[in-house]
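>>> Below is the structure, and that's it, no one-letter string:
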């Protein structure tokens with residue numbers, strides 16, 4: 001079984017039934033990953049695997065800390081996923097900033113943010129996909145997140161502070177795709 005087959009099987013098993021909307025989202029993020037694959041060259045399969053697994057930490061049986069990038073990375077580490085995949089999931093969509101806001105920076109520090117074109121592409125794919133898995137513009141996605149969580153929520157604070165870095169990753173990825 002290839003990494004990609006395993007990633008889809010794992011994500012489907014953890015998300016499809018209990019969190020069907022989340023499952024739709026990760027499938028959409030994976031579709032975006034295929035669209036920007038040329039930006040990452042030989043990492044195309046890794047990018048798509050990370051895209052389909054980036055939210056696995058939301059699975060009810062995995063949600064321990066309440067911070068899905070960390071819970072997902074811990075699970076993937078436990079089941080022997082490749083190290084880069086684990087680290088990409090841990091740091092997707094500027095998770096380091098949200099971890100800091102949640103008081104979990106020390107726990108996330110065990111995972112490296114590789115700061116590569118592959119990392120940027122994963123952030124781009126997540127930020128340009130709606131909760132229902134449809135393509136969207138990054139600024140519209142940020143606005144949707146702010147509206148969904150509302151004023152004063154930690155996630156709203158995070159997305160407002162993170163938007164510059166997230167939009168920069170989207171732009172860098174688009175430039176690499178051409």
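Looks like it came in fine. Keep in mind it's a predicted model, so treat the numbers as computed, not measured. Numbering: from 1, shown residues only.
>>> For the rest of this, base every contact and every neighbour count on C-alpha atoms.
Noted.
>>> ok, residue 108 to residue 10 distance?
Distance, residue 108 to residue 10, using C-alpha to C-alpha, to the nearest Å: 22 Å.
>>> so where's the chain shaky on pLDDT?
Applying pLDDT under 70 to the chain picks out no residues at all.
>>> Run through the helices of it in chain order.
3-11, 20-35, 44-53, 68-78, 83-90, 95-102, 105-108, 117-127, 138-149, 154-177 (DSSP state H).
>>> was I right about residue 29 contacting residue 50?
No. With contacts counted by C-alpha atoms under 8 Å, residue 29 stays clear of residue 50, the gap being 9.4 Å.
>>> quick one on the thing from earlier: please convert the helices of the chain to TSV, extending it with distance to residue 60 and mean neighbour count.
Shown next, in TSV, are the helices of the chain (distance: least, C-alpha to C-alpha, whole Å; neighbours: other C-alpha atoms under 10 Å):
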stretch	distance to residue 60	mean neighbour count
helix 3-11	13	17
helix 20-35	12	22
helix 44-53	15	26
helix 68-78	10	22
helix 83-90	17	24
helix 95-102	19	18
helix 105-108	20	16
helix 117-127	21	27
helix 138-149	20	16
helix 154-177	19	17
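>>> Can I get those helices in CSV including distance to residue 59?
Below are the helices of the chain laid out as CSV (distance: least, C-alpha to C-alpha, whole Å):
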stretch, distance to residue 59
helix 3-11, 9
helix 20-35, 9
helix 44-53, 11
helix 68-78, 8
helix 83-90, 14
helix 95-102, 17
helix 105-108, 19
helix 117-127, 17
helix 138-149, 20
helix 154-177, 19
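>>> Indicate which one of those helices is closest to residue 62.
helix 68-78 (6.2 Å; C-alpha to C-alpha).
>>> on contacts alone, who are the packing partners of that closest one?
helix 83-90 (3 or more C-alpha pairs under 8 Å, 6 or more residues apart in numbering; DSSP states H and E).
>>> From the chain's centroid, how far away is the helix it packs on?
10 Å (C-alpha atoms, centre = their mean, to the nearest Å).
>>> go on, stretch 119-133?
For stretch 119-133 - counting by C-alpha atoms, centre = their mean - the centre lies 7 Å from the chain centre.
>>> Start and end of that stretch, how far apart?
Note: stretch 119-133 ends 20 Å apart using C-alpha to C-alpha.
>>> List the contacts of that stretch.
21-22, 24-30, 32-33, 36, 39-40, 47, 50-51, 88, 92-94, 113, 135-138, 141-142, 166-167, 169-170, 172-173 (C-alpha atoms under 8 Å, 6 or more residues apart in numbering).
>>> With adjacent residues omitted, what lies nearest to residue 129?
residue 135 (4.7 Å; C-alpha to C-alpha, 6 or more residues apart in numbering).
>>> Would you check that residue 62 makes contact with residue 78?
No. Contact criterion C-alpha under 8 Å: residue 62 and residue 78 do not qualify, at 11.2 Å.
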